[in-house]
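Asks: Take this sequence and fold it.
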Amino acid sequence: VEVLDNQIAPHTTRVYMANAITFKTEPFAQAMKKIRRHDEKLKLVHRLDGPYYCSRYGKDPRKEPKIINYSEDNRVYQINHQFACASIFQSKWSLEMNRLLGYKPKEPVTVIPNAVNGDIFHNRSRREWDPYLTRQVRVLSSAWANNERKGFKTYQWLDQHLPWG
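Replies: The predicted structure is shown next:
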């Protein structure tokens, strides 16, 4: 298996995985059309995210009196309907929010949750918890954005209150 980062697959590829297309969709669509002219059997599995309406703009379709479809979501679904043979979501929440907004991802649809590697992050050989904190606690974390919905306030609190050193 050859993995390409941010590239359109060469003509020898049978399946292309589009990971949460959030970029300018027109060049992608043009490239896919060109490839399909030479290889109509190319399959696109589309990993959908968001929707932007909720994740970027902080709206909740369960609470909003008037739902506005954003152009980013509409463009993503144009790609999905035009090229995808299947759709993947990283969470049930994301799938449900997209459906609440009226979007119909290309079937079949499945949820493949983001997950940690159990061979690395596990509780085997873990030291027993020390309630008196005679040793420093190690914290490992990462974030992709300073979005409050993704724990940014918690990161700020940790940064201000943990003893670094």
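Asks: what's the pLDDT at the most centrally placed residue in the chain?
Replies: Against the mean C-alpha coordinate of the chain, by C-alpha atoms, centre = their mean, the closest residue is residue 49 at 4.6 Å. Residue 49 carries a pLDDT value of 83.
Asks: wait, it sits on residue 91?
Replies: No - the pair residue 49 and residue 91 fails to qualify as a contact (C-beta atoms under 8 Å) at a distance of 9.1 Å. Glycine gets a C-beta too; all of them are placed from N, C-alpha and C.
Asks: right, and the helix or strand after the lowest-mean-pLDDT helix or strand in the chain?
Replies: Least confident helix or strand, the chain: strand 15-19 with a mean of 64, by mean pLDDT, DSSP states H and E. Downstream of strand 15-19, the first helix or strand assigned by DSSP states H and E is helix 25-38.
Asks: C-terminal to that next one, what's the next element?
Replies: Using DSSP H and E, the helix or strand that follows helix 25-38 in sequence is strand 43-48.
Asks: How far does that following strand sit from its chain's centre?
Replies: Its chain's average C-alpha position is 12 Å from that of strand 43-48, according to C-alpha atoms, centre = their mean, to the nearest Å.
Asks: partners of it in the sheet?
Replies: strand 15-19 (parallel), strand 84-89 (parallel) (DSSP bridges).
Asks: Now do it against helix 25-38: the angle between them, please.
Replies: 160 degrees (axes from the mean of the first three to the mean of the last three C-alpha atoms, to 10 degrees).
Asks: who's in contact with the helix or strand that comes right after strand 43-48?
Replies: Per DSSP H and E, the first helix or strand lying C-terminal to strand 43-48 is helix 52-55. Helix 52-55 is contacted from outside by 49, 59-61, 67-70, 72-73, 76, 94, 97, 101, 147, 149, using C-beta atoms under 8 Å, 6 or more residues apart in numbering.
Asks: So which bits of the helix or strand where residue 76 lies are buried?
Replies: For residue 76, the element it lies in under DSSP H and E is helix 71-83. In terms of neighbour count (16 or more other C-beta atoms under 10 Å), helix 71-83 has its buried residues at 72-73, 75-77, 79-80, 83.
Asks: Low-confidence regions, this structure specifically.
Replies: 1-24, 39-41, 133, 135, 137, 143-147, 149, 165 (pLDDT under 70).
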